[in-house]
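Colleague: sequence unknown, structure follows:
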């Protein structure tokens, strides 16, 4: 591996202390009373904290906290296209999704890895249908998302957070996009999964074990993004998407509230 | 009107304020911005802290990993501080590898740790010659509004004070180690380095804790790192020359700041424990 000359480097290789841990038995997702490990019911989502205007020099920004999942997003632009990118009469949207090195159980690298690149694209595709791209021709809007701590549902949280940040930046949009994800385990739906509840293809191979993430534009009632992983029967998938959409609609007033609060504060400051 | 002058002639705009010994954000010349500290905010990290210095926000997270030590120093662990000035925090930064400023800051925080000796690196030893701890201290800037170095040093110190490492059991027969994440030990911090930055305006006026506008107009900068009532480091990379009297003034101010900061950390730590 080439050494990084621009950073202070430690030893050539190091291993996470979790690798030396005793191997733990996988715990059941819910107990006999149908409660999850953190005491939630299967269809209960974690409380959300949302705040706009956290990065003072950005056009728009938002911070979202969903218990252990903490996401910050800043929006810059519309500004001139920086790199030698393709010319486009329509406006361009660019997303950068990054986990901080300390946000997960195992340490992340500084460079974007495949998962982060994948999430950047998914985020972009979830937001693009909601933005009026023709309003800023030949220009670019950059969305930078940083996950400060990841406790599951990071993509769903980023979708909500970045659409609120876009709105805070005054980028014209058809609607906000709110995100929600769910874990399928047999005939159960675990909404808004924590890190240990999230689906991974290595551990679960049975049918109807997977996860679904939905991005919804609530007032238009249009779905802008769906991702599912794992082998899921169509009936179950439909049920999961419907349930996620329900939660997305419930998130809408939260976003509205934080946006109207920041607008009110801005007016107060300027008068 | 004032906003127009600020954009068109920022220097004149600032001079008008500084003549009256006040700054546009209503601070006096030797006043720091309100400092907010939040310790232990990231539970996935072994230690973490969030610092807000006015608008400037820096989050430091410490991840501990296990590595083999250098052959010449079989008992010493590693501390690897890095400062990340990502495109998120300001319009000044572009995506990609760290720029000059981030590299300089990383080196500065590294110097503060090594010169202040705030951690005995031998405390990080697990099995001499075989296993030692590596502390990856990553400081991520979330909002860039000047005086990032003070915020970084404070965040780093607070995060180190919050760091607790899992217990490691060495099995002599099999020559393997096993970690126990339910029992942790607090990292021992020997001393508390605190940095204070002064910006030189118009070659003579000293501004404490500069904002990003003040930094861009400044003709020089002094950073003083103190430990209790001793000086650990003075960094004045060129810029306007200072008289010894002015430097004395800076040093005295930084001692007062040092006490304030240590009190703040102590208060925050106490409130976290409860």
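Modeller: Yep, it's here. Owing to the predicted nature of the structure, the values given are computational and were not obtained by experimental measurement.
Colleague: state which helix of chain A is the longest.
Modeller: Ranked by residue count under DSSP state H, the longest helix found in chain A is helix A:234-270.
Colleague: from the contact counts, what lies against that one?
Modeller: Helix A:234-270 is packed against strand A:49-52, helix A:154-168, strand A:178-185, strand A:188-191, strand A:209-217, strand A:222-231, with contacts defined by 3 or more CB pairs under 8 Å, 6 or more residues apart in numbering or on different chains; DSSP states H and E. Bear in mind the C-beta positions are built from the backbone N, C-alpha and C, glycine included.
Colleague: hmm, the second one touching chain B?
Modeller: No. Looking at helix A:154-168 against chain B by CB under 8 Å from any CB of the partner chain, there are no contacts, and the closest approach is 10.4 Å.
Colleague: got the angle for that helix vs strand A:209-217?
Modeller: 10 degrees (axes from the mean of the first three to the mean of the last three CA atoms, to 10 degrees).
Colleague: and helix A:154-168, average pLDDT?
Modeller: Average pLDDT, helix A:154-168: 96.
Colleague: tell me the contacts of residue B:52?
Modeller: B:34, B:35, B:36, B:37 (CB atoms under 8 Å, 6 or more residues apart in numbering or on different chains).
Colleague: ditto for residue A:137
Modeller: Here residue A:137 is in contact with A:89, A:90, A:91 (criterion: CB under 8 Å, 6+ apart).
Colleague: pretty sure the last one is touching residue A:128, no?
Modeller: No. Proximity of residue A:91 to residue A:128 does not meet the contact threshold set by CB atoms under 8 Å, at 10.1 Å.
Colleague: okay, these two: which has more neighbours?
Modeller: For residue A:91 and residue A:128, the more surrounded residue by other CB atoms under 10 Å in any protein chain shown is residue A:91, and the numbers stand at 21 against 15.
Colleague: from chain B, how far off is the more buried one?
Modeller: Using CB to the nearest CB, to the nearest Å, we find residue A:91 at a distance of 18 Å from chain B.
Colleague: return the residues in contact with that residue.
Modeller: Residue A:91 sits next to A:78, A:131, A:133, A:134, A:135, A:136, A:137, A:138, A:139, A:140, A:141 when contact means CB under 8 Å, 6+ apart.
Colleague: again, only using 6 Å
Modeller: Residue A:91 sits next to A:133, A:136, A:139 when contact means CB atoms under 6 Å, 6 or more residues apart in numbering or on different chains.
Colleague: so which of those residues are in strands?
Modeller: residue A:139 (DSSP state E).
Colleague: now neighbour count too, for the contacts of residue A:91, in TSV please.
Modeller: Shown next, in TSV, are those (neighbours: other CB atoms under 10 Å in any protein chain shown):
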residue	neighbour count
A:133	19
A:136	19
A:139	16
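Colleague: so can I have JSON lines of the contacts of residue A:91 showing pLDDT?
Modeller: Formatted as JSON lines, the contacts of residue A:91 follow (pLDDT from 0 to 100):
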{"residue": "A:133", "pLDDT": "93"}
{"residue": "A:136", "pLDDT": "90"}
{"residue": "A:139", "pLDDT": "90"}
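Colleague: may I have the phi/psi pair for residue A:200?
Modeller: In terms of degrees, to the nearest 10, the main-chain angles of residue A:200 are phi -140, psi 140.
Colleague: how many other residues sit next to it?
Modeller: Neighbour tally, residue A:200, other CB under 10 Å: 10.
Colleague: do the same with residue B:83
Modeller: 30.
Colleague: so who does it touch?
Modeller: Residue B:83 makes contact with B:102, B:105, B:106, B:139, B:152, according to CB under 6 Å, 6+ apart.
Colleague: following element in sequence after whatever helix or strand the third one lives in, please.
Modeller: Spelled out, that is residue B:106. Here residue B:106, judged by DSSP states H and E, is contained in helix B:100-116. Following helix B:100-116 in sequence order, the next helix or strand is strand B:125-127 (DSSP H and E).
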